[in-house]
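Student: After the sequence you'll find the predicted model.
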Amino acid sequence: MPEGHTVHRLARTLGGLFGGQALRVSSPQGRFAAGADLLDGATLVAAEAWGKHLFLGFERSGPSLGPGGTATALWLRVHLGLYGAWTFAGDGSADVVHAIGAPRRRIGERDSVPADVPGHRARADDAAGEWVAPEPRGAVRVRLLGPHAVADLTGPAACEVVDDEEKARVEDRLGPDPIRDDGGRSSLADARDDFVARVRRSRVAVGQQLMDQGVVAGVGNIYRAEALFRAGIDPLRPGRDVAADALAGLWDDLVVLMRDGARTGAIVTTRAEHRDGPAVVDDPAGRRRTRQNTDGSPDAVPPEDAFYVYHRDGLPCRVCGAPVLTKELAARNLFWCGACQG
DNA sequence: GCTGCATGATGAG
DNA sequence: TCATCCTGCAGCA
């Protein structure tokens, strides 16, 4: 999925695109018709993420945020699961991201493309000059339509309207989130202690625990493999046998990696000295140039150089040259270096 | 056209 | 541990 960094990015994107606006909410696919009715016409007053859960807060009577704040009446809770995704289009008044979500639909996740990219442009009505949202494509569970932009959600594992209490109940089940300012605890340091304690009170393999959202929220299959590699921790080692300071270091690294992912939209865990070097490609004009990604960073990393071990089974470890190993753990493919991760 | 995957999570047995 | 749900796309015929 869409790991936690993607969901935080979504919260920021949706908040920026629709915050403070009354939205038309619908379910073109029909499967969320009842929920859409509850939210239609309400104003988006909050957009938050905790781990892989996205919460969009709606207020019926408009954003009446008094001094003490205002209780948000309703929340739309979305979990993308393995293949959920949001796609966006707009009238060009703001840069609109093309899509954020499942890998294959995420073509433009790092792109902040102008809204007039062919095929994603909102059609302008010539006569009135008024923006018209494009027709929904595919099985769109939810459509959020504002005056200048539209967001379509497809394939979510969860999509429901909840109240404050139900939202709190979901959050109570979640471990600390490395991307949240305070980690979801009273401070980031407390969040780290919580993480370390949770891992160490179980003999379940640390590589399995990292996928447990009650241990740490937001980590998925890529971050688990990559963070364990960077920490030099054997994924199969029982949690209680991993040194506390090693786990603390792992947490600190997750904070850096995942916040970076949320900022750029791409997961890159390799250090420059461990990459194969600048990749050279032919650009459309036929010139040879160094490949770059599109987040604006001049030293952006091509996807094939982004990971140490994820999907690199059989290839030589970037650090020691030993073949990268793979094994199914907790119904997901685990990747690691048997030599570096003792 | 069809099949098999994919950065997930849950519930039953 | 398995089956199941959510959907689109790459890789095949």
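Tutor: Done, it's in.

Student: how about the strands in the stretch 151-300 of chain A?
Tutor: In the stretch 151-300 of chain A, the segments counted as strands under DSSP state E, counting those that start in this stretch are A:158-162, A:280-282, A:288-290.

Student: which parts of the stretch 201-342 of chain A sit against DNA strand C?
Tutor: With CB under 7 Å from any atom of the strand as the criterion, the stretch 201-342 of chain A comes near DNA strand C at residues A:Ala331. C-beta coordinates here come from the backbone N, C-alpha and C atoms, glycine included.

Student: Identify the residues contacting A:Leu144.
Tutor: A:Leu144 makes contact with A:Leu14, A:Phe18, A:Leu23, A:Arg24, A:Val25, A:Leu44, A:Val150, A:Ala151, A:Asp152, A:Leu153 under the criterion CB atoms under 8 Å, 6 or more residues apart in numbering.

Student: Secondary structure class of it, three-state.
Tutor: strand (DSSP: H, G, I helix; E, B strand; the rest coil).

Student: mind checking how far it is from A:Leu39?
Tutor: 9 Å (CB to CB, to the nearest Å).

Student: cool, A:Leu10 as well?
Tutor: Distance, A:Leu10 to A:Leu39, by CB to CB: 17 Å.

Student: Ok, A:Asp91 next?
Tutor: A:Asp91 is 22 Å from A:Leu39, by CB to CB.

Student: before we move on, what about A:Asp181?
Tutor: 27 Å.

Student: ok, these two, which is more surrounded?
Tutor: A:Leu39 (24 against 9; other CB atoms under 10 Å).

Student: weakest of the strands of the stretch 151-300 of chain A by average pLDDT?
Tutor: When those are ranked by mean pLDDT, strand A:288-290 comes last with a mean of 37.

Student: After that one, which helix or strand is next? Please name it.
Tutor: Following the chain from strand A:288-290 toward its C-terminal end, the next helix or strand by DSSP states H and E is strand A:324-329.

Student: by contact count, what packs against that next one?
Tutor: strand A:332-337 (3 or more CB pairs under 8 Å, 6 or more residues apart in numbering; DSSP states H and E).

Student: List the strands paired with the strand it packs on, with their directions.
Tutor: strand A:324-329 (antiparallel) (DSSP bridges).

Student: Where do the domain boundaries of chain A fall?
Tutor: A:4-170, A:174-292+A:300-337 (automatic domain parsing).

Student: Could you tell me the least trusted of those domains?
Tutor: Here the domains of chain A differ in mean pLDDT, and the lowest is domain A:4-170 at a mean of 83.

Student: ok, for the closest residue to DNA strand B within the stretch 201-342 of chain A, nearest residue in space, not its chain neighbours?
Tutor: Going by CB to the nearest atom of the strand, DNA strand B is nearest to A:Gly220 of the stretch 201-342 of chain A, at 2.1 Å. Excluding its sequence neighbours, the residue lying closest to A:Gly220 (CB to CB, 6 or more residues apart in numbering) is A:Glu3, at 3.5 Å.

Student: What is the burial count for the one you found?
Tutor: 22.

Student: from what I can see it touches A:Ile222, true?
Tutor: Yes. Under the criterion of CB atoms under 8 Å, A:Glu3 makes contact with A:Ile222 at 6.3 Å.

Student: Overlap in contacts, the two.
Tutor: A:Ile267.

Student: if I pick A:Asn333, what's in contact with it?
Tutor: By CB under 8 Å, 6+ apart, the residues touching A:Asn333 are A:Asn221, A:Thr326, A:Lys327.

Student: circling back: shared neighbours of A:Leu144 and A:Leu39, anything?
Tutor: By CB under 8 Å, 6+ apart, the residues touching both A:Leu144 and A:Leu39 are A:Leu23, A:Val25.

Student: now the residue nearest to A:Gly220: how far from A:Leu56?
Tutor: From A:Glu3 to A:Leu56 the distance is 19 Å (CB to CB).

Student: for A:Ala99, same thing?
Tutor: 18 Å.

Student: cool, A:Phe32 as well?
Tutor: 13 Å.

Student: what about those two, which has more around it?
Tutor: Using other CB under 10 Å as the criterion, A:Phe32 and A:Leu56 rank with A:Leu56 on top: 29 against 24.

Student: Close to DNA strand B: what parts of the stretch 201-342 of chain A are there?
Tutor: Within the stretch 201-342 of chain A, the positions lying close to DNA strand B (CB under 7 Å from any atom of the strand) are A:Met211, A:Gln213, A:Val219, A:Gly220, A:Asn221, A:Ile222, A:Ile267, A:His311, A:Ala331, A:Arg332, A:Asn333.

Student: Which one of those residues is nearest to A:Ala231?
Tutor: Comparing these against A:Ala231 with CB to CB places A:Val219 closest, at 12.7 Å.

Student: shouldn't the closest one be in contact with A:Met211?
Tutor: Yes. Contact criterion CB under 8 Å: A:Val219 and A:Met211 qualify, at 6.9 Å.

Student: Of those two, which one has the most company?
Tutor: Each of A:Val219 and A:Met211 had its neighbours counted (other CB under 10 Å), and the higher figure belongs to A:Val219 (27 against 18).

Student: Noted, bye for now.
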